[in-house]
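A.B. asks: Okay, sequence plus prediction incoming.
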Amino acid sequence: MKLLIKNGRVIDPRNQIDGQLDIQIEKGTVSQVGSDLEAGDAEVFDAAGKLVTPGLIDVHVHLRDPGLEYKEDIASGTLSAVAGGFTAVACMPNTQPVNDNLAVTRYIQEKAKEVGHCRVYPIAAITRGLKGESLTEMGELTEAGVPGFSDDGRPVESGAVMRRALEYSRPFGAAVISHAEELSLVGDGVMNEGFVATELGLKGIPWAAEDAMIARDVMLAELTGGHLHVAHISTRGGVEIVRQAKKRGVKVTCEATPHHFVLTDEAVRGYNTNAKMNPPLRSEQDRQAVRDGLADGTIDCIATDHAPHHFDEKNVEFNLAMNGIVGLETALPLTLRLVEEGVISLQRAVELLTCGPASALGLPGGHLATGAPGDVTIIDPDLEWTVELEKLKSKSKNSPFGGWNMRGAAVATIVGGRIVHTR
Amino acid sequence: MAFGHKHILGIEPLSREDIFTILDTAEGFKEINSRDIKKVPTLRGRTIINAFFENSTRTRLSFEIAGKRLSADTVNISSSGSSVAKGETLEDTARNIEAMRPDIIVMRHGASGAPHYLAERLDCSVVNAGDGAHEHPSQALLDLFTMREKKGRLEGLEVAIVGDISHSRVARSNLYALNRVGANVRLAGPGTMLPPEVDRLGARVCNRIEEAIEGADVVMMLRIQLERQAKGGPLLPSLREYSRFYGLNPDKLTLAKPDAIVMHPGPMNRGVEISSSVADGSRNVILDQVENGVAVRMALLYLVAGGESEDKD
């Protein structure tokens, strides 16, 4: 089966392509890129007036499967992904049971093959049971296709354990992902520490809690030569620490979420539990620093931290509400907003959603050269739409962007040459 | 009189005019409280539920008496711990309460924002009797009432608020209220108990209690929560040291204006934030605050219930 995508504006930052080209996908991989390709027996997708990009990749999602299927499962989470234009996601291991062994990793991989709509790369835990004590079997897990390790939702509190994780994973080429918070500084904080928290009478989480842990982990990466990937960076200091570390040649990459570059802690006013996440929405200064980091290359990729929660888990007092929001279906237009606002170029926006995440975690895809996976996202950058929470494909509707007017959407998502989503 | 608020969730949403409307209304009710027969038919047939999800003696009693003196039927529910600890969500609890058709729910809750949550979901009026570290509007209003009664004015008053500002809903509500009426606020407390950027709420933050008290018309001491164990690290080295640096004693009080009054929202820790000689001294108006609390709460209930139904007399 062949698919020919014709007449679109192909943006493939890794291969420095930006122009009107056709792309042919054969047997799941890109077989030809060129002008005016002959259709022959291929199915033709006319992408005139649209952007044709490598399939979008999200290196930080929670699919909640196994164990928390009432929030999301592999089928619904990947459906949400392709609706948002994503062709591959890396899912976090804080499931029940925790993905800290080959059996759970295999379960996710097999279920994704069976019912998934896009590629799924399971991230395994750094430590068994996310307890921060003993390392998971990183060799075997890497061999099985795990691209990175994370105790997401919790930091690895012990510096010694984090050091060993970076050392041990290094020869296997897998990233160790830091969920950076110094828990004693977090205390029982529930939102960003600052004026809004003072006014609302909610306990604050200082930026220093994140900066301190990023600083420690960057030092450990420098010490060990291991690859550190900083998840959901949200503070000015954190961005600066990574910027300086990169200048020194430390093997560190990082990601930022759309909510941290779009919203600030002002969104919490009214005790909006859909503005409660971890790390919390920060100050305007922090938001600006994240945008600067996206623009100057300090931040390697945009990741959603798609965190589905049941309505009941958000429909409670603010301090009791679960952390996190769904993000897969709003990430693309929120990223394009940065282009509209002049923060980054369109090419950089595509980079941050494709080859950026692919190279951060060493994933296949993220570009469209011959031989690359046949994963393509076709984007109408001018399509205007309003976020209706009930219409999200995710099982959960916990988003602060309900009712927002968006510009730009994936009109077709293609995984391995198969069109898995159109709008 | 125009009082357009269905709920009293905090002082922050109230205007200067609203505040004076409440204080003036309370003046009328204060007189009733000194009669032999302390009851008017104003809220006859109305049901008020005092839902206290956190311990309280004074505030609950005060609201209950306020409701009863207005002839409302008042019912109390207390529950320590959060609704979740009982296995029921706050929304379910609220819906059950509402199904019994109260007119006003007076609510005390440990979570900041809990009354706002309720107000969004229910048809009846919600009066915040203290939510977490956020607001305690009836306390600030009775404080203002007492200040006006004792000092004859509010505008231009120099008010020192001393103690654990971070965890204090009394401080926040007073900051809003005092700024609205043109008083000047100074704050003092240990560095661990001053929330970030609190000056933006309209206050001069002082390093030492002496600086805050100097020339003050009103000195308001806040309760130190002896039971508070902060997860974010220790807040105080010792109560002894707290008392020495931030406690009010007769020596420190000499720095205030000669006719300054001393306030405390209660319950007091004698010998910690306030020495007994000050607590029992001639400058203290602590029991006036409690007395005025009933009148102010009568005014609040009356105003949110519609405000014009029957004569007060």
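C.D. replies: Arrived safely, thanks for sending.
A.B. asks: can you count the residues close to the residue of chain B found nearest chain A?
C.D. replies: As assessed by Cβ to the nearest Cβ, chain A sits closest to B:G232 within chain B, at 2.6 Å. Bear in mind the C-beta positions are built from the backbone N, C-alpha and C, glycine included. Residues lying near B:G232 (other Cβ atoms under 10 Å in any protein chain shown) number 19.
A.B. asks: Could you find the closest non-adjacent residue to the residue of chain A most remote from its centre?
C.D. replies: Distance from the centre of chain A peaks at A:G40, with 37.4 Å (Cα atoms, centre = their mean). In space, and not counting its chain neighbours, A:G40 is closest to A:K2: 7.3 Å by Cβ to Cβ, 6 or more residues apart in numbering or on different chains.
A.B. asks: Can you tell me how far the one you found is from chain B?
C.D. replies: 54 Å (Cβ to the nearest Cβ, to the nearest Å).
A.B. asks: what's the distance between that residue and A:G365?
C.D. replies: A:K2 sits 19 Å away from A:G365, going by Cβ to Cβ, to the nearest Å.
A.B. asks: neighbour count winner among these two?
C.D. replies: Counted by other Cβ under 10 Å, A:K2 and A:G365 do not tie: A:G365 has more neighbours, with 24 against 17.
A.B. asks: near chain A, which residues of the stretch 201-313 of chain B?
C.D. replies: Residues of the stretch 201-313 of chain B lying close to chain A (Cβ under 8 Å from any Cβ of the partner chain) are B:201, B:230-233.
A.B. asks: could I get those residues as a markdown table with pLDDT and secondary structure?
C.D. replies: A markdown table is the format used below for those (pLDDT from 0 to 100; DSSP: H, G, I helix; E, B strand; the rest coil):
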| residue | pLDDT | secondary structure |
| --- | --- | --- |
| B:L201 | 97 | helix |
| B:A230 | 68 | coil |
| B:K231 | 77 | coil |
| B:G232 | 78 | coil |
| B:G233 | 84 | coil |
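A.B. asks: list the contacts for the residue of chain A found nearest chain B?
C.D. replies: Of all residues in chain A, the one sitting closest to chain B is A:G187 (2.6 Å; Cβ to the nearest Cβ). For A:G187, the contacting residues are A:203, A:205, B:230-233, by Cβ atoms under 8 Å, 6 or more residues apart in numbering or on different chains.
A.B. asks: what are the phi and psi angles of it?
C.D. replies: phi 50, psi -130 (degrees, to the nearest 10).
A.B. asks: Same check on B:P237?
C.D. replies: Note on B:P237: backbone dihedrals following degrees, to the nearest 10 are phi -70, psi -40.
A.B. asks: Please apply the same query to A:G85.
C.D. replies: The phi/psi pair for A:G85 (degrees, to the nearest 10) reads phi 100, psi 0.
A.B. asks: That one contacts A:V376, correct?
C.D. replies: No - at 9.9 Å, A:G85 and A:V376 do not qualify as touching, with contact defined as Cβ atoms under 8 Å.
A.B. asks: shared neighbours, those two?
C.D. replies: Common neighbours of A:G85 and A:V376, counting by Cβ under 8 Å, 6+ apart, are A:55, A:413.
A.B. asks: On the three-state scheme, the nearest residue to A:L37 once chain neighbours are set aside is what?
C.D. replies: Nearest non-adjacent residue to A:L37, counting by Cβ to Cβ, 6+ apart: A:D22, 4.1 Å away. Here A:D22 is recorded as strand under DSSP: H, G, I helix; E, B strand; the rest coil.
A.B. asks: and A:D22, what is it in contact with?
C.D. replies: Contacts of A:D22 were listed using Cβ under 8 Å, 6+ apart, and they are A:4-7, A:32-37.
A.B. asks: And the pLDDT for it?
C.D. replies: Predicted confidence (pLDDT) for A:D22: 97.
A.B. asks: cool, and the one 5 residues further on?
C.D. replies: For A:K27, the pLDDT comes out at 96.
A.B. asks: For the residue nearest the centre of chain A, which residues are in contact?
C.D. replies: By Cα atoms, centre = their mean, chain A has its centre lying nearest to A:A303, at 2.2 Å. A:A303 makes contacts with A:58-61, A:231-232, A:255-257, A:357, as judged by Cβ under 8 Å, 6+ apart.
A.B. asks: Give the buried residues for stretch B:55-66.
C.D. replies: By neighbour count with 16 or more other Cβ atoms under 10 Å in any protein chain shown, stretch B:55-66 contains the buried residues B:56, B:59-60, B:62-66.
A.B. asks: Helix or strand with the lowest mean pLDDT in chain B?
C.D. replies: helix B:90-99 (a mean of 89; mean pLDDT, DSSP states H and E).
A.B. asks: which residues of chain B score low on pLDDT?
C.D. replies: B:1-2, B:80-86, B:226-230, B:308-313 (pLDDT under 70).
A.B. asks: Mind doing that once more with 50?
C.D. replies: Chain B contains residues with pLDDT under 50 at B:82, B:309-313.
A.B. asks: So for it, the centremost residue is which one?
C.D. replies: Nearest residue to the geometric centre of chain B (Cα atoms, centre = their mean): B:Q139, 1.7 Å.
A.B. asks: Next secondary structure after whichever strand or helix holds that residue?
C.D. replies: Per DSSP states H and E: B:Q139 is located in helix B:137-151. Later in the chain than helix B:137-151, the nearest helix or strand by DSSP H and E is strand B:158-162.
A.B. asks: Could you see whether chain A lies near that following strand?
C.D. replies: No - Strand B:158-162 stays clear of chain A (Cβ under 8 Å from any Cβ), getting no nearer than 14.2 Å.
A.B. asks: How about the residues of the stretch 51-200 of chain A by chain B?
C.D. replies: A:184-189, A:193-195, A:197-200.
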